[in-house]
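*Asks:* this is the structure alone, sequence omitted:
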């Protein structure tokens, strides 16, 4: 699909390019920073020769005649496969990303695909090929169908161009891709908002559920790369990793390593500082919970609620507290330091008698853990990332209880 700002279709000009094959293939690496490696390349087609001033997007214009549209798409894939062959011969594990114009899907016979033949002629293993389609494809059911066909051939499938404001949840679960490429709306310098961060968390969660690897596409700076790494996106692609004009010629898979290693080293310096800070915050959180347990262990059960009220005011970081009996039944209200969310929020009004016995923060204590920290969640009281830390204690009568303390998530 071509953006609306593309000029009107030039059918004759595109046909001339197809007949003369005046198209060159450029490669952009997809890097894995944590392992300091390149996992593959995405192929881009560019018009060359006398036609180089023609907008390259014209090759994939939605208003081209079906026969010409399919012909151009196949030519670009064929030329990309031919140019990738020497790289594949030297690096058998590298992937090749081939863009597919989704506009051709209604015009090709699913029972007579040319892709298997092109791959075989190039002498490349189908498992090294990744077919990429844009997330904003008009007919996702058709895309899902071709995704299944492609994966049945042994190739991989990538959903490209996921944006913050897209309904990517539906697209990912419907299409079930091997890779997902997110665009700069998630991480760009001008896109640093709570909304984009939360949307990225949501995309990573959905991708994890379908087993897809996420790639940050369009990385332009070191700060953007590190921002993605800290969010959990290790696979990246963009001009930041493309070799400069001054770079020495040589093996295409080895030309980008200097930038990868440099980014890796800087990221781990930042990460180590954050880890040290995170460890200290966990130590402080555990001290707070231990102090709370010590206070409650000197009380009888009937004083737990009053004790929680005093503790939630006294211990600075505490957001809320509640106490469970040995069976996981709640015996105090969930006492909070103050609420931002409406008082009718279901998590904020858990009453005495609520059964928590099947929750991880109870189950792990029951099998012998000294304490348990839940995954981060949005607090019903502050609207920010928090967690529950649970820990068992014994009161003055020697009976076993569990305290659950909500704190800002140390991570």
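*Replies:* Good, I have the coordinates. Model, not experiment: these values are computed from the prediction.
*Asks:* you'd agree residue 306 is in a helix?
*Replies:* Yes. Counting by DSSP: H, G, I helix; E, B strand; the rest coil, residue 306 is part of a helix.
*Asks:* and it, how many neighbours does it have?
*Replies:* Residues contacting residue 306 under the criterion other C-beta atoms under 10 Å number 12. C-beta coordinates here come from the backbone N, C-alpha and C atoms, glycine included.
*Asks:* in the stretch 251-400 of the chain, what residue spans correspond to strands?
*Replies:* 320-325, 335-336, 372-373, 377-378, 385-394, 400-408 (DSSP state E, counting those that start in this stretch).
*Asks:* now do the buried residues in stretch 309-328.
*Replies:* 309, 311-312, 315, 318-325, 328 (16 or more other C-beta atoms under 10 Å).
*Asks:* what do you get for stretch 225-234?
*Replies:* 225-229, 231, 233-234.
*Asks:* I would like the residues contacting that stretch, please.
*Replies:* Identification of contacts with stretch 225-234 by C-beta atoms under 8 Å, 6 or more residues apart in numbering yields 32-34, 182, 187, 192, 197, 200-201, 204, 214-216, 219, 236, 240, 263, 266-267, 270-271, 274.
*Asks:* quick check on those residues: which are buried?
*Replies:* Counted by 16+ other C-beta under 10 Å, the contacts of stretch 225-234 give 32-33, 182, 187, 197, 200, 204, 214-216, 219, 236, 240, 263, 266-267 as buried.
*Asks:* out of these, which comes closest to residue 400?
*Replies:* The closest of these to residue 400 turns out to be residue 204 (C-beta to C-beta; 38.1 Å).
*Asks:* run through the neighbouring helices and strands of the helix or strand where that closest one lies.
*Replies:* Secondary structure assignment for residue 204, by DSSP states H and E: helix 194-210. Where contact means 3 or more C-beta pairs under 8 Å, 6 or more residues apart in numbering; DSSP states H and E, helix 194-210 is packed against helix 168-175, strand 179-182, strand 213-217, helix 222-231.
*Asks:* so which of the ones you listed is nearest residue 295?
*Replies:* When the helices and strands packed on helix 194-210 are compared by C-beta to C-beta, helix 222-231 sits nearest residue 295, at 36.5 Å.
*Asks:* what ranges do the helices span in this protein?
*Replies:* Taking DSSP state H as the test, the helices found in the chain are 11-20, 66-90, 115-122, 140-152, 168-175, 194-210, 222-231, 257-297, 304-314, 360-366.
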